[in-house]
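Colleague: sharing a sequence plus its predicted fold:
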Amino acid sequence: MIVIKGHQGLLAVLVIIAIVEETFESTVEIRTHGWAFGGCNSDIDMRLYVKKGSGSSDIIYCDFPCNQGSYCQMNTQQTVTCPRLGGILWKIKLIHNGGGFSPNWAVDWVNIRDNGYEYLLNYDEWLDPGEQISRTIEASSCSRPSSPNNGYISDGTSHNSYGYFRCNSGYYMVPGSDTRYLCYGGYRDPKYPSAICCRSISNC
C-alpha cells in the first residue's frame, strides 16, 4: 500500500479529481437553419483551434457528415463526437468541400462541449461550396481560483492573460504544483489550477 502524506497527498487528490472529471472526447452539435433550401448533403470539415495554459496551441480536426443520412437537413440539429480539446477553444472554422446535389448550407449555430466547458457560436449564415467561415470566442474575464495557503495569485483575470501562483517570502512551491494558468474568453486552462507552498520541501 502506498501512503502519501501531508500537502503532497492533497495535491495528488486534486490531480486525481481533475483527471476523473475530464472526458476523453468532446461533442459538437450543429443546427441547420430553417431557411428554405438551407439543408445540404456535402462534405463539411471542421477545425477547432485551441489555446493551452502551457503556452502551446493545437488544431483539432473533426468532420461533420452532412453527406450521410439525415445530417444537415433543414431545421434540424445533430451531434458528433470529436477528440478532446485539451485546452480552451478560441476559434472554430467550417470548411465546405462541395459535392452533393444540394450543396448550399445555412448554418444556424455550433455548440461545443468539452471538459465541463460549453462554447456556443452563432453563425446564422450561408456556407457555399469552396467557402470557409470562422467564428471566435468573445473576449471575457475569468474568475480567479483559490490562492494557496501562504501564497497568492498575480494577474489572471483579464481576457487572454496568464495568472501566476506565487509563494510568500520564506515559502517554497511543491513540485507538481501549477505555476500558472491561462484565462481566455472566461475559461481557464488548467480548469482547476492549484499550488501548495511550504516552509521547506521536506516538511510538505
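Modeller: It's in. Numbers count the residues shown, from 1 in each chain.
Colleague: after the helix or strand of the chain with the lowest mean pLDDT, which helix or strand is next?
Modeller: One helix or strand of the chain scores below all others by mean pLDDT, DSSP states H and E: helix 6-21, with a mean of 40. Counting by DSSP states H and E, the next helix or strand C-terminal to helix 6-21 is strand 25-32.
Colleague: correct me if wrong: residue 157 contacts residue 144.
Modeller: Yes. Here residue 157 reaches residue 144: they are 5.5 Å apart, a contact under CB atoms under 8 Å. Yep, even glycine has a C-beta here, placed from its N, CA and C like the rest.
Colleague: give me the common contacts of those two.
Modeller: residue 163 (CB atoms under 8 Å, 6 or more residues apart in numbering).
Colleague: mind listing the strands in the chain by residue range?
Modeller: With DSSP state E as the criterion, the chain has strands at 25-32, 44-51, 57-64, 77-83, 88-96, 105-114, 117-127, 132-136, 151-155, 161-167, 172-173, 180-184, 187-189, 197-198.
Colleague: nearest to residue 38, out of those?
Modeller: Checking those against residue 38 by CB to CB gives strand 105-114 as the closest, at 3.2 Å.
Colleague: contacting residues around the nearest residue to residue 123 once chain neighbours are set aside?
Modeller: Residue nearest to residue 123 in three dimensions, not counting chain neighbours: residue 107, with 4.0 Å by CB to CB, 6 or more residues apart in numbering. Residues near residue 107 by CB under 8 Å, 6+ apart: 30-33, 94, 123-127, 133.
Colleague: swap in residue 138?
Modeller: residue 185.
Colleague: quick one, phi/psi of it?
Modeller: Backbone geometry at residue 138, expressed as degrees, to the nearest 10, gives phi -70, psi 150.
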